[in-house]
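Colleague: model the following, please.
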Amino acid sequence: MGFLSSIFKRTPKPLQINPDKFYDCPPATIVYGTKTGNAQMVAQQLQKTLKQNNIESDCFNLSKYDTNRLFSEKLLLIVMSTDGEGELPPNSRKFYRTLTHADFPELTNLKYSVLALGDSSYEFFCGAGKLIDEQLNTKGAQSIMPRIDCDVDFKDDALKWIENVYYHITNTNKESNNKEVTPPAIEFNEPELLQATLTKRKILTKGRHEKATYHIVLDNSVNKIEYQSGDCIEIFPENPDQLVTQLIATLQIDPNLHLAHNDKTIEQQLKYDYELTKLNRKVVRKYQSITASKDLQALIDNHEELNHYVADKDVLDLVKDYPASISAESFIKILSPLQSRYYSIASGYKAYRDEIHLTIKTIRFEAGERQYEGAASTYINEGLQKGSTVKFRLTPSPTFHLPDNDKTPVIMIGVGTGIAPYLGFLQDRKASDTKGNNWLIWGDKKQLEDFLYESELIEYEQLGYLKHLDVCFSRDQQEKIYVQHLLTNKAAELYDWIKAGAHIYLCGHTHMGHDVRNTLSDIIMTQKGISKEKANNEIVQMQESGIIHEDLY
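Modeller: Below is the predicted model:
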């Protein structure tokens, strides 16, 4: 939880808040903290529902919300996603920091409600929503209903929350027999689901084919999506055949069985409709409620062990570790819907308008007596043939775009497939002929096997679109070298770039992001001659002001 730890270590600046400033707020104000767009979708659906019932409301991205309004709000409705391991999404960090300021006034007149979105396979499930709820409560605000924590299959819980908000505002009861009380019509309008043809697949890694990384090209000439470098797409995968077969055999169910009101066989449903490669707490608890396993209940009661279990296991592990007789119909009911997977676009729209490029590493590993595979990576890298279609949606990442000014220096830091968005950045820089102010710092395990896009990156450096290309490979020497070590080695020049207004981008796993932020803080501390606490403060300010951009997972 790198951002939060940096908040609590910093000395806050004087608070710029005026509790006496008056705002003419509508009956409800909706705010959302989001990274992938789910919280925004729920917030907009709530506003649509209120509008259809002649209830006025405002709706804000939290980065655009004026915290002075809190003292005039009649009802604040908050939809909050969680980023990674309990982190606040980037657009809501400044809001939270303001709330936690020691001088922030009490909010005893504020009424509010929180809908928290998360993924229970992570330890700090719905952590961001819980933090906002707790802080508002600490400041004396009054929650109109208990916070609802939603898992990845959030839609039913979100609809329930929207309905409860409606009944609260209208001062009605859904159990009422009053014929004048009309339940709200609520239906999510999700972004359009598109299809694209896979036109090219090229292996990037050498030697390790079981975990190979591929460059994927999807056709965009039909959809003509106007993406920006730094955006993502979400792809809807299929479960590995081997996993489906083993699960059916373990449960001893007929793969050709049809359940009522479903045209698909059990085998088809398990392959296309339900989450099998990832496990979450909701599935574990549902399975226990049906099987009444005392051993599984003991696991559920041990918070730390349950965290480790859902992080490391899948649905097949669950039914093997806690065997029970369960019908096919009951088993299907405990499963979560198959979720999309997010991938950074590895191309620049200025250079490849008719294509969408991706960089995908095959997820495959052995643990115990089993082999595990990723649903999306094996599906795209190995299952699809050239000419096959992929279901996907565009997910804009407005906090991970290049600066508006092409002359702004850019420092790109990443590991592994975190190189993907930087390819788009460089292609866009080349298309606009912006040379000299681009610095790539990237690492992987072994140079001979894992130097992704080696020739392309070297060419960008030779042509002047990369002023610096610094790479490291952690396993090529006895003492491991990571990207944060490269930062330390170039501390003086790196600080010169920061002083010149460089934007810093971090793409890769969360631990890398934490280590890099800490190293940047050390560099600022040393180069500027200030305390670690003040350096941490500067990192937070850079995050909040959009100087540091993060795409971490």
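Colleague: CA atoms for contacts and neighbours, from now on please.
Modeller: OK.
Colleague: where exactly do the helices run in the stretch 451-553 of the chain?
Modeller: With DSSP state H, counting those that start in this stretch as the criterion, the stretch 451-553 of the chain has helices at 454-463, 483-489, 491-499, 510-528, 532-544.
Colleague: any chance of those helices in TSV, with distance to Pro337 and mean neighbour count too?
Modeller: TSV is the format used below for those (distance: least, CA to CA, whole Å; neighbours: other CA atoms under 10 Å):
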stretch	distance to Pro337	mean neighbour count
helix 454-463	38	14
helix 483-489	37	18
helix 491-499	44	16
helix 510-528	26	19
helix 532-544	34	19
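Colleague: can you list the ones you listed in TSV and add distance to Arg475 and mean pLDDT?
Modeller: Shown next, in TSV, are the helices of the stretch 451-553 of the chain (distance: least, CA to CA, whole Å; pLDDT from 0 to 100):
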stretch	distance to Arg475	mean pLDDT
helix 454-463	18	97
helix 483-489	13	98
helix 491-499	23	97
helix 510-528	16	96
helix 532-544	30	92
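Colleague: which among those helices is found nearest to Asp470?
Modeller: In this view, those are compared for proximity to Asp470 by CA to CA, and helix 483-489 is the closest at 7.3 Å.
Colleague: possible to save the helices of the stretch 451-553 of the chain as a markdown table with distance to Glu192?
Modeller: A markdown table is the format used below for the helices of the stretch 451-553 of the chain (distance: least, CA to CA, whole Å):
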| stretch | distance to Glu192 |
| --- | --- |
| helix 454-463 | 34 |
| helix 483-489 | 38 |
| helix 491-499 | 40 |
| helix 510-528 | 30 |
| helix 532-544 | 31 |
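Colleague: of these, which is nearest Arg341?
Modeller: Evaluated with CA to CA, the helices of the stretch 451-553 of the chain place helix 510-528 nearest to Arg341, the distance being 16.9 Å.
Colleague: helices or strands up against the longest strand along the chain?
Modeller: The longest strand of the chain (DSSP state E) is strand 194-203. Judged by 3 or more CA pairs under 8 Å, 6 or more residues apart in numbering; DSSP states H and E, strand 194-203 is in contact with strand 213-219, strand 389-395.
Colleague: okay, angle between it and strand 213-219 too, please.
Modeller: Between the axes of strand 194-203 and strand 213-219, defined by axes from the mean of the first three to the mean of the last three CA atoms, to 10 degrees, the angle is 140 degrees.
Colleague: can you point out the buried residues in strand 194-203?
Modeller: 195-198, 201, 203 (16 or more other CA atoms under 10 Å).
Colleague: try stretch 301-314
Modeller: Residues of stretch 301-314 classed as buried under the neighbour-count rule (16+ other CA under 10 Å) are 306-307, 309-311, 313-314.
Colleague: which one of those residues is nearest Gln269?
Modeller: For Gln269, the closest of the buried residues of stretch 301-314 turns out to be Asp314, at 16.8 Å, with distances computed as CA to CA.
Colleague: for the closest one, give me phi and psi.
Modeller: The main-chain torsion angles of Asp314 are listed as degrees, to the nearest 10 and equal phi -130, psi -170.
Colleague: correct me if wrong: it contacts Arg281.
Modeller: No: with the criterion set as CA atoms under 8 Å, Asp314 and Arg281 do not qualify as a contacting pair; they are 11.2 Å apart.
Colleague: quick one on the thing from earlier: nearest to Pro409, of the buried residues of stretch 301-314?
Modeller: For these, the minimum distance to Pro409 (CA to CA) is 38.4 Å, reached by Ala311.
Colleague: check contacts around that closest one.
Modeller: Under the criterion of CA atoms under 8 Å, 6 or more residues apart in numbering, the contact partners of Ala311 comprise 121-122, 278-279.
Colleague: pull the contacting residues for Gln543.
Modeller: 90, 549.
Colleague: 10 Å instead, please
Modeller: Gln543 is in contact with 3, 90-91, 93-94, 504, 517, 537, 549-550, counting by CA atoms under 10 Å, 6 or more residues apart in numbering.
Colleague: for Ser344, same thing?
Modeller: Ser344 makes contact with 229-234, 357-360, 395-397, 417-422, 424, 507, 551, according to CA under 10 Å, 6+ apart.
Colleague: apply 7 Å and report the result again.
Modeller: Under the criterion of CA atoms under 7 Å, 6 or more residues apart in numbering, the neighbours of Ser344 are 230-233, 358, 420-421.
Colleague: equivalent analysis for Asn109, please.
Modeller: Neighbour list for Asn109: Ala141 [criterion: CA under 7 Å, 6+ apart].
Colleague: from now on call the first residue 39
Modeller: Will do, 39 is the new start, and the previous item becomes Asn147.
Colleague: can you tell me the SS state at it?
Modeller: What DSSP: H, G, I helix; E, B strand; the rest coil gives for Asn147 is coil.
Colleague: over to Gln83?
Modeller: From three-state DSSP, the assignment for Gln83 is helix.
Colleague: what's the local residue count around it?
Modeller: By other CA atoms under 10 Å, 20 other residues sit near Gln83.
Colleague: does it touch Ala223 like I think?
Modeller: No: contact criterion CA atoms under 7 Å: Gln83 and Ala223 do not qualify, at 10.7 Å.
Colleague: hang on, the earlier thing: angle of the longest strand of the chain against strand 427-433?
Modeller: 100 degrees.
Colleague: give the pairing partners of strand 232-241; include direction for each.
Modeller: Note on strand 232-241: by DSSP bridges, its sheet partners are strand 251-257 (antiparallel), strand 427-433 (antiparallel).
Colleague: that's all I had, so thanks and see you.
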